[in-house]
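Q: Dropping the sequence and predicted coords here.
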Amino acid sequence: MPIKNRFAETHAEITAWRRHLHQYPELQFEVHETAKFVEDKLRSFGITDITTGIGQTGVVAVIEGRSNASGRTVGLRADMDALPIEEATGLEYASKKPGMMHACGHDGHTAILLGAAQYLAETRNFDGRVVLIFQPAEEGGGGGREMCKDGLMERWSIDEVYGLHNMPGGDVGSFHIRAGAMLAATDEFDITITGQGGHAAAPHEAIDPNLAAAHVVVALQSIASRNVDPLKQVVVSVCVMRSDNEAFNIIPHRVMLRGTVRTLDADVRTLAEQRLGEIASLTAQAHGCVADVDYVRGYPATVNHADETGYAADAAEAITPGVERNTPPIMAGEDFSYMLEERPGAYIQLGNGAGATVHHPEYNFNDDAIPAGCSWFAELVERRMPTA
């Protein structure tokens, strides 16, 4: 079946919700206004089983089907938080909060799940329970992890869980998914290299940490080129290089390197962490310096379960034929990974059309993708929990 007719009828209404959310972005766990907006909309749909404050500011709501003979519960997740970016779109509904904007489309994800909730609450054409998960702090705060720590899966007896994210560059309303690792683990590192500062005109009297740091930056690339199986992915990016000096004629005492490691495989992740520490320490030592390495593991890889990937793809195929079922993995991260570690499920990408990519000040969620997204959530529920 194509886009559900109900979403063609409510498209303008859902778009208005999305644009309202876009004007009032909030960061990480401080999504109080957004959570209240979500709660109010859910109550207006006749949904009464609503719990707030899960994972600090998350919202969880339950819709009961026409029956519950199946005993099955399906979770549907949307993220609510924005980014600390100054918006540059010039839209009439641009952010009203300086230095904050929905630059990743979470306003669209929230509106889509609200639209699906409205439909599911009206029709209840399923046998089981739907748990709606509106999550804070996807952008670096680990809101998915915190909701799971608050007992999300156990308290609501969730059997399987699904999430959706927009995909700039993909045809509007198209769907893209793969079984296995879909997005990467996102680790961070800080390397402080200490030498001996001195006058730039007498480098022999100093121990230059700049030179050591430059060699460390180059040597770290050997992790991908010489340590990891060429058929497996790893990214090691040094993104900051800063010394404790800004003068043109002083060799600094310390240099700090900061960056990220991205992997799709747990063994590769462990290897990369080990080699990064060894390379930094020994390369610094070879130049007479000392390296102090702080490696912090972030979100794990987002790994789709095989059966649930099939269910998600089949539901998408019913909406928009030609689903890409083996889309290449992306080395960005996503804390939906924590939910997929606790329950089987899948994460799908929804084409957002041409335009700026996510995390860009000119990015904007494409409202034309809303009916497809809403239809996917609804179709998935009706397929996973069909009525007798």
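A: Cool, got the structure. Small disclaimer: the values here were computed from a predicted structure and weren't measured. Numbering: from 1, shown residues only.

Q: okay, CA-based contacts and neighbour counts for the rest of this
A: Noted.

Q: Touching, Met331 and Arg262? I think so.
A: Yes - using Cα atoms under 8 Å, Met331 makes contact with Arg262 at a distance of 6.1 Å.

Q: okay, and the common contacts of those two?
A: With contacts taken as Cα atoms under 8 Å, 6 or more residues apart in numbering, the residues that reach both Met331 and Arg262 are Ala184, Ala185, Val235.

Q: Present those as JSON lines; the columns should include distance to Ile370, neighbour count and pLDDT.
A: Below are the shared contacts of Met331 and Arg262 laid out as JSON lines (distance: Cα to Cα, whole Å; neighbours: other Cα atoms under 10 Å; pLDDT from 0 to 100):
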{"residue": "Ala184", "distance to Ile370": "26", "neighbour count": "27", "pLDDT": "98"}
{"residue": "Ala185", "distance to Ile370": "28", "neighbour count": "27", "pLDDT": "98"}
{"residue": "Val235", "distance to Ile370": "33", "neighbour count": "17", "pLDDT": "97"}
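
Q: now those residues in JSON lines, with secondary structure?
A: Formatted as JSON lines, the shared contacts of Met331 and Arg262 follow (DSSP: H, G, I helix; E, B strand; the rest coil):
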{"residue": "Ala184", "secondary structure": "coil"}
{"residue": "Ala185", "secondary structure": "strand"}
{"residue": "Val235", "secondary structure": "strand"}
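
Q: Which of Met331 and Arg262 has more residues huddled nearby?
A: Arg262 (27 against 20; other Cα atoms under 10 Å).

Q: Now do the same for that one: its pLDDT.
A: Listed pLDDT for Arg262 reads 98.

Q: ok, now which ones touch it?
A: Arg262 neighbours (Cα under 8 Å, 6+ apart): Ala184, Ala185, Thr186, Asp187, Val234, Val235, Val236, Arg269, Met331, Ala332.

Q: go again using 10 Å as the cut-off
A: 183-188, 233-237, 268-269, 272, 298-301, 330-333 (Cα atoms under 10 Å, 6 or more residues apart in numbering).

Q: What about the residues you listed, which are in helices?
A: Using DSSP state H, the subset of the contacts of Arg262 located in helices is Val268, Arg269, Ala272.

Q: Quick check: the last one touching Val235?
A: Yes - contact criterion Cα atoms under 10 Å: Ala272 and Val235 qualify, at 9.3 Å.

Q: any shared contact partners between those two?
A: Ile223, Ala224, Val261, Arg262, Thr263.

Q: Just put these in TSV and tack on distance to Val74 and secondary structure.
A: Listed next are those as TSV, based on distance: Cα to Cα, whole Å; DSSP: H, G, I helix; E, B strand; the rest coil:
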residue	distance to Val74	secondary structure
Ile223	40	helix
Ala224	39	helix
Val261	33	strand
Arg262	30	strand
Thr263	29	strand
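
Q: Pick out whichever of those residues sits closest to Tyr162.
A: Taking Cα to Cα as the measure, Tyr162 lies nearest Thr263 of the shared contacts of Ala272 and Val235, at 22.1 Å.

Q: Show me the protein divided up by domain.
A: Domain ranges of the chain: 5-182+301-384, 185-296, per automatic domain parsing.

Q: Please work out which of those is packed deepest.
A: domain 5-182+301-384 (a mean of 21; mean count of other Cα atoms under 10 Å).

Q: For Gly353, see how far away the nearest residue to Gly58 once chain neighbours are set aside is.
A: Using Cα to Cα, 6 or more residues apart in numbering and skipping the chain neighbours, the partner closest in space to Gly58 is Gln135 (4.8 Å). Gln135 is 25 Å from Gly353, where distance means Cα to Cα, to the nearest Å.
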